[in-house]
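>>> Mind folding the following:
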Amino acid sequence: MINKESYISINNELKEKNVTLVAVSKTKTVEEIQALYDLGQRDFGENYVQELVDKAAQLPTDICWHFIGHLQGNKVKYIAPFVQLIHGVDSLKLLKEIDKQGAKCNRVIDCLLQVYIADEETKFGLEENEVEEVLKTGPFPNARIIGLMAMASFTVVTEKVRSEFKKVNDIRSRLVAQGYHMPVVSLGMSSDYKIAIEEGSTMVRIGSLLFGQRQSTHKRV
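The predicted structure is shown next:
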């Protein structure tokens, strides 16, 4: 069940700061997503390909779908026809596949390069030097890189999270100085989005504050 009051409060806060709210709807029902849509939300983020495909077929066509999970190259083709933004591009191989599938669909797919900043082996991403290597490899006419994304360490130490977010924005600033177009920085989730915004995030991914917690009824693929 959605938290209407929380959504309205957070949405108003982010609008004032010109930050895009991506409602993380993984494991949430079509009815819950529709309820948030009816309140005006249009950007939704999903982690699993089949779940995203199933929901997109049942919900309004003007929803901007974000893929925010770890994406396998062999599944890009399933979301390429409609996905608005792929957040977690963590390899040159994946970027090339997105470009390939975008060309097949005759559309340009916006992408964010995922930067590895956390001290956790379970996180994915590119090191700073790898980000520059990927950018220099292009052009990719059907996979448009428009910014960076990262996930901070899972910790209650605020300053550690802040320093990791700051690192991403510093990388972005250096890339912009080199002439790269990087308008988007996707940082911050329910627990740390305020810190992320203070450190330059232009897009936050929030789920539990909007939907609450519930068990998944979807097969994860």
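>>> Going by C-alpha atoms from here, please, whenever you check contacts or count neighbours.
Fine.
>>> need the helices for the chain, in chain order.
Counting by DSSP state H, the segments of the chain that form helices are 4-16, 30-38, 49-56, 76-79, 92-104, 128-137, 158-177, 193-198, 208-211.
>>> Contacts for the fifth one, please.
Residues lying outside helix 92-104 but in contact with it, judged by C-alpha atoms under 8 Å, 6 or more residues apart in numbering, are 72-73, 76-77, 80-81, 89, 108-109, 134, 140-143.
>>> Using JSON lines, please lay out these together with neighbour count, distance to residue 44 and pLDDT.
Below are those laid out as JSON lines (neighbours: other C-alpha atoms under 10 Å; distance: C-alpha to C-alpha, whole Å; pLDDT from 0 to 100):
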{"residue": "72", "neighbour count": "12", "distance to residue 44": "20", "pLDDT": "94"}
{"residue": "73", "neighbour count": "15", "distance to residue 44": "21", "pLDDT": "95"}
{"residue": "76", "neighbour count": "21", "distance to residue 44": "18", "pLDDT": "97"}
{"residue": "77", "neighbour count": "16", "distance to residue 44": "19", "pLDDT": "97"}
{"residue": "80", "neighbour count": "23", "distance to residue 44": "16", "pLDDT": "98"}
{"residue": "81", "neighbour count": "16", "distance to residue 44": "16", "pLDDT": "97"}
{"residue": "89", "neighbour count": "26", "distance to residue 44": "18", "pLDDT": "95"}
{"residue": "108", "neighbour count": "19", "distance to residue 44": "19", "pLDDT": "97"}
{"residue": "109", "neighbour count": "23", "distance to residue 44": "16", "pLDDT": "98"}
{"residue": "134", "neighbour count": "17", "distance to residue 44": "27", "pLDDT": "93"}
{"residue": "140", "neighbour count": "17", "distance to residue 44": "25", "pLDDT": "94"}
{"residue": "141", "neighbour count": "14", "distance to residue 44": "25", "pLDDT": "96"}
{"residue": "142", "neighbour count": "22", "distance to residue 44": "22", "pLDDT": "97"}
{"residue": "143", "neighbour count": "25", "distance to residue 44": "20", "pLDDT": "97"}
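>>> Just confirm residue 124 contacts residue 114, I think it does.
Yes: between residue 124 and residue 114 there is a contact under C-alpha atoms under 8 Å: 7.4 Å.
>>> any idea how far residue 175 is from residue 32?
Distance of residue 32 to residue 175, given as C-alpha to C-alpha, to the nearest Å: 39 Å.
>>> Also residue 41?
Counting by C-alpha to C-alpha - residue 41 and residue 175 are separated by 31 Å.
>>> and if you look at residue 149?
14 Å.
>>> and what of residue 27?
In terms of C-alpha to C-alpha, residue 27 sits 35 Å off from residue 175.
>>> And residue 13, by the same measure?
Counting by C-alpha to C-alpha - residue 13 and residue 175 are separated by 28 Å.
>>> try residue 158
Distance from residue 158 to residue 175, by C-alpha to C-alpha: 26 Å.
>>> more neighbours, those two?
More crowded of residue 158 and residue 175, by other C-alpha atoms under 10 Å: residue 175, with 17 against 10.
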